[in-house]
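Asker: Turn this into a model:
(one chain, ligands or ions: 2)
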Amino acid sequence: MTSATKVNPDLSDERKKVEFDVEEFTNWYYKGAENVAEKRFLENFFLSDPELEDKVPTSYLSHKEKYENAVRKAVLVVNKIKELQADGRGGVDIYMALLGGTLGTAIFREANPITVHFVMFLPAIMNHGTSDQQAEWISRAWNCNIIGTYAQTELGHGTYIRGLETTATYDPKSKEFILNSPNLTSYKWWPGGLGHTTNYAIVIAQLHSLGKCHGIQPFIVQLRDEETHMPLKGIKIGEIGNKVGMNTVNNGFLAFDNVRIPLKNMLMKNAKVLEDGQFIKPKSSVLTYGTMMFVRVVILKDMASYLSKAVTIALRYSMVRRQSPIEPNKPEPKIIEHVTQQYKIFPAIAKVIVFKITAEFLWDMYNQVTHDLDKGDLERLPELHAISCCLKAVCTNEAAQAVEICRLSTGGHGYLNSAGFQDIYGMVTAAQTYEGENTVMFLQTARYLIKCWEKAMNGEKLTPTVSYLENFIKGRNSRQSFQNSPSGILKAFQLAAAKKIAESNKHLEERKKYLSPEEATNQTGLELINASELHCQAFLLQATIEVLEDSTKQTSLQLRSVLKDLLELYSVDLALRYTGSLLEFANMTSSDIEFLQRSLEALLKKLRYNILGIVDGFDHPDQILGSVLGTYDGNVYENLINAAMKSPLNQEDVNKSFHLYLKPFMKSNL
Ligand SMILES: CCCCCCCCCCCCCCCCCC(=O)SCCNC(=O)CCNC(=O)[C@H](O)C(C)(C)COP(=O)(O)OP(=O)(O)OC[C@H]1O[C@@H](n2cnc3c(N)ncnc32)[C@H](O)[C@@H]1OP(=O)(O)O
Ligand SMILES: Cc1cc2nc3c(=O)[nH]c(=O)nc-3n(C[C@H](O)[C@H](O)[C@H](O)COP(=O)(O)OP(=O)(O)OC[C@H]3O[C@@H](n4cnc5c(N)ncnc54)[C@H](O)[C@@H]3O)c2cc1C
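Answerer: Ligands and ions are numbered 1, 2, ... in the order given. Here you go, the predicted model:
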């Protein structure tokens, strides 16, 4: 972690003031010293390989060069992983570290074209394939003998997947499916790696058999020749072009013209087609959506990881940058002394911890529910779907906002590519859309909440994430007063969520008197989203309070106290951001707001000298941060000029455009 160069004295002074053991925090954050050792071993193993280092910053490469460089590195990384596995070191965890964790995003600044292979193609075969199908495909895919993608979204439909138009029509004579793209809007559009990387895909298509449509099902389809990589007959394929970010991912388009695949290529763990064309329904039609749920769960971990990079950059920079005297005739302070600057960064640091804790909580829940599913028990599936949808929406929205605020907190320099924010922002903002557009995700959660509300009103028992509704209904006349503590704020959010759900339901029912249920839902959309968001914020806070309480029992008093301050900062900031709802629904008064405001200011002050220990404790090596503003040594001005010198334009004193255009132009004006 420590840099060989001399550390900027402003930053080393700050480090001396941290009151807790940073290594203790790192071990707590990564859940044990062994995990930290493994993380550092992996970082060193990959980042010390000169082949993985970019000689020219990737932002200066052309679109094509970026892609080719990303493919080169992807192959190198997977080969290195195989080397590690041959040495007896884990499997899945290594992939997680490389594809979702910060290490992966350091090696592939704009993500890589085989992520979807590991994150969706393989999980789709595992989730939807029979044991025979898994035996046929998994090891080839795991070894990367074939590389696949997940081709669901089409030009015409991404959200409403029941409206997908690609068809897979079963022909009982040849025992094959015939795939077709009947029109332009049915072209697959967006799948990661599809353009020029993958040779297989899980294709989601409308299944037709014996003259009937049986809805969307997953099929495994070969797209390109395994030797020549040429597209197979009947397959039209290409890349969709340059994007806001994620430009190395090679997102593609795909169309089918009478492409035949064998019967065994429909993934049949859930629904089945028999040889004679008979369709056997799955236990539940939503089981087809399982892969999306998996990725939504994983996205949460990703958000904590991206945000932890952004806050590290912003905070370290704020501790070496000096600007604008606060008192006249006094020296210019570090910009972190401006309280407004603290407010830009400290709550975002608290969010990293909240998102990480909740992501782990959700991951455990996902594993439990999928274990139950394997035994045929679908009971907790709707609850997992509901909570993963709203968490995906809240955490990606908040991460995108916080990353942008971190960029703004570094002023003009933050606008440079070398500051490192652009890649992070490109990744977090993409996650607001992919794997379910966020508004749509909120509405999915709201649908569940309304059902739970009805159940609770009928006296039925609710699942853990919504059980607060039962308490509310039982004690609905009690008016608990607002309390300024994490648990008090949690109660206020639960009360506000419960009342907002009740109110949305009331308006929904009123509208149903003269509108169809669907149109009534549409008309109530704004309130439903609001209810969903309040529910989600309550869940994030609840999970964090519970986990922190438990996991800090063994830590030093100093660390426990800083984590407690961060939790308080998170909850006070949350309450202040939602005063509208809390005033309306949770008995908050204007004096509570005044008190919260004072608490917020006091917490910023309290955390001022410990907060650097937290971002240092995230333990991101400089290569992972990839930022001239966030290096451990704080030598930002040297870094800025060194990075500027890498610009291709700075490799010569006079550019040819001077002779070609400027000189004739300037002379002609004489
Ligand atoms: C191993 C290595 C790991 C490495 C890790 C590395 C990590 C890196 C991660 C980052 C990289 C990510 C790259 C990924 C790139 C993005 C890929 C995509 O976007 S791909 C494309 C992603 N595309 C999208 O995400 C599309 C978004 N759209 C959709 O998901 C659906 O169309 C819909 C849900 C909006 C509606 O569907 P519709 O059928 O019209 O449904 P209705 O509304 O009518 O509700 C009917 C019932 O179904 C229920 N239910 C629904 N879903 C689920 C579920 N999942 N489950 C359970 N239940 C579900 C619902 O609750 C309701 O129940 P009930 O009330 O009746 O009881
Ligand atoms: C970087 C990136 C990578 C991707 N990778 C893949 C991939 O690997 N495989 C794949 O199959 N797909 C992929 N996608 C596609 C992605 O999953 C879809 O873009 C996403 O699901 C949103 O669908 P859409 O584009 O059709 O948006 P739309 O649904 O058209 O959304 C447009 C607007 O309409 C609103 N809207 C739509 N429906 C409703 C509703 N019911 N209620 C209220 N508002 C609504 C939305 O809120 C939004 O504001 C990727 C997308 C991106 C950006």
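
Asker: Up against ligand 1, what does the stretch 251-400 of the chain have?
Answerer: 286, 289, 292-293, 295, 298-299, 302, 381-382, 385 (Cβ under 6 Å from any ligand atom). Bear in mind the C-beta positions are built from the backbone N, C-alpha and C, glycine included.

Asker: Let's see the PyMOL selection covering just the buried ones among the residues you listed.
Answerer: Buried subset of these, written as a PyMOL selection, criterion 16 or more other Cβ atoms under 10 Å:
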select buried, resi 289+292+293+295+298+299+302+381+382+385
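
Asker: State the distance from residue 345 to ligand 1.
Answerer: 25 Å (Cβ to the nearest ligand atom, to the nearest Å).

Asker: and that residue, how many residues sit next to it?
Answerer: 25 (other Cβ atoms under 10 Å).

Asker: What values do phi and psi take at it?
Answerer: For residue 345, the backbone dihedrals (degrees, to the nearest 10) come out as phi -110, psi -40.

Asker: quick revisit: which one of the residues of the stretch 251-400 of the chain next to ligand 1 sits closest to residue 63?
Answerer: Relative to residue 63, the closest of those is residue 302; by Cβ to Cβ it sits at 24.1 Å.

Asker: Surely the closest one forms part of a helix?
Answerer: Yes. Under DSSP: H, G, I helix; E, B strand; the rest coil, residue 302 falls within a helix.

Asker: Verify the contact between it and residue 431 for me.
Answerer: Yes. Here residue 302 reaches residue 431: they are 6.9 Å apart, a contact under Cβ atoms under 8 Å.

Asker: For residue 454, list the residues it contacts.
Answerer: Shown in contact with residue 454 (Cβ atoms under 8 Å, 6 or more residues apart in numbering): residue 505.

Asker: if we go to 10 Å?
Answerer: 460, 505, 509 (Cβ atoms under 10 Å, 6 or more residues apart in numbering).

Asker: Common neighbours of residue 302 and residue 431, please.
Answerer: Taking Cβ under 10 Å, 6+ apart as the criterion, residue 302 and residue 431 both touch 295, 395-396, 399.

Asker: and of those, the nearest to ligand 1?
Answerer: For the shared contacts of residue 302 and residue 431, the residue nearest ligand 1 by Cβ to the nearest ligand atom is residue 295; the value is 5.4 Å.

Asker: pLDDT score assigned to the closest residue to ligand 2 within the stretch 101-250 of the chain?
Answerer: When you check the stretch 101-250 of the chain against ligand 2 by Cβ to the nearest ligand atom, the closest residue turns out to be residue 158, at 2.3 Å. Residue 158 carries a pLDDT value of 98.

Asker: Also residue 2?
Answerer: Note on residue 2: pLDDT of 45.

Asker: Which residue ranges of the stretch 451-600 of the chain form helices?
Answerer: Secondary structure of the stretch 451-600 of the chain (DSSP state H, counting those that start in this stretch): helices located at 468-474, 486-512, 517-523, 525-551, 557-577, 579-585, 590-607.

Asker: out of those helices, nearest to ligand 1?
Answerer: Among the helices of the stretch 451-600 of the chain, helix 517-523 sits nearest to ligand 1 (Cβ to the nearest ligand atom), with 9.3 Å.

Asker: Average pLDDT for the closest one, rounded please.
Answerer: 98.

Asker: what's the answer for stretch 59-70, then?
Answerer: The model assigns stretch 59-70 a mean pLDDT of 95.

Asker: Equivalent analysis for stretch 407-422, please.
Answerer: Rounded mean pLDDT across stretch 407-422 is 97.

Asker: helices and strands of the protein: which one bottoms out on pLDDT?
Answerer: Across the helices and strands of the chain, mean pLDDT, DSSP states H and E gives its lowest value to helix 92-99, namely a mean of 63.

Asker: Could you point out the helix or strand that follows it?
Answerer: helix 102-107 (DSSP states H and E).

Asker: Tell me if that following helix is near ligand 1.
Answerer: No. Using Cβ under 6 Å from any ligand atom, helix 102-107 stays clear of ligand 1, coming no nearer than 7.3 Å.

Asker: can I get the CA coordinates of that helix in CSV?
Answerer: Extracted in CSV, the C-alpha atoms of helix 102-107 (Å, rounded to 0.1, in the frame of the first residue of the first chain):
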residue,chain,number,x,y,z
THR,A,102,-12.1,-3.6,-7.9
LEU,A,103,-9.3,-5.6,-9.3
GLY,A,104,-11.3,-6.5,-12.4
THR,A,105,-12.2,-2.9,-12.9
ALA,A,106,-8.5,-1.9,-12.6
ILE,A,107,-7.4,-4.4,-15.3
